[in-house]
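> Can you look at this prediction? I've put the sequence above it.
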Amino acid sequence: MTTSIAVLPGSYDPMTLGHVDVIKRARSMFDRVIVAVAYNASKNSLFDLDTRVELARASTQEIENVEVKPVPGLLADFCREEGATAIVKGLRGSADFDAELAMSLMNRELCDIETVFIMGAPGLNHIASSIVKDVARHGGDVSEFVDPAVARALSGAFSRRG
């Protein structure tokens, strides 16, 4: 029997509980899940790649058969190397779908892999990394939106920036 492997790519700057929910739900559909932490040139990251990987590991450590890895290059190549059977992306709404559609078609072209879309849970749909960072930047409490390790890292990052 073939093992089904899903890759969940993202910049995860930082990982939120919305991301964790999608990862848990993907895990219920696939034997193994790889959280693929990627560099995104179009985003100005708060945390470097190594820190984002560590925070993603802290956020997912309780979920069985979930592994967190950095993506060193093209996602299609990463999926091929990992033997992935699908890419999974969480969607909060139609704007997310519009942004992900072209990427899913390109990934299918590049490595013959399908993208599975999982709608965000209603109670978590409003959580976005950019909003969480903005709340933390202004001294707000983000503990209900992120893992405790992420909350501490955000607090530390913004206290250093003064």
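Perfect, I can see it now. Computed from a prediction, not measured in an experiment: that's the story for all the values here.

> Just give the strands next to the host helix or strand of Ala6 in its sheet, each with its orientation.
Assessed by DSSP states H and E, Ala6 sits inside strand 5-10. Here strand 5-10 has these sheet partners by DSSP bridges: strand 32-38 (parallel), strand 86-91 (parallel).

> which is the next helix or strand following the first one?
To tie it back to what came earlier, the one meant is strand 32-38. helix 49-60.

> got the angle between the very next helix or strand once past that next one and strand 5-10?
Sequence-wise, the next helix or strand downstream of helix 49-60 (DSSP H and E) is strand 66-71. Counting by axes from the mean of the first three to the mean of the last three CA atoms, to 10 degrees, strand 66-71 lies at 60 degrees to strand 5-10.

> list the contacts for Cys107?
Wrong residue type there; residue 107 is Asn, not Cys. Applying CB atoms under 8 Å, 6 or more residues apart in numbering, we find Asn107 in contact with 75-76, 79, 87, 113, 115. Quick note: C-beta positions are derived from backbone N, CA and C, even for glycine.

> let's go with 6 Å and repeat that
For Asn107, the contacting residues are 76, 87, 113, by CB atoms under 6 Å, 6 or more residues apart in numbering.
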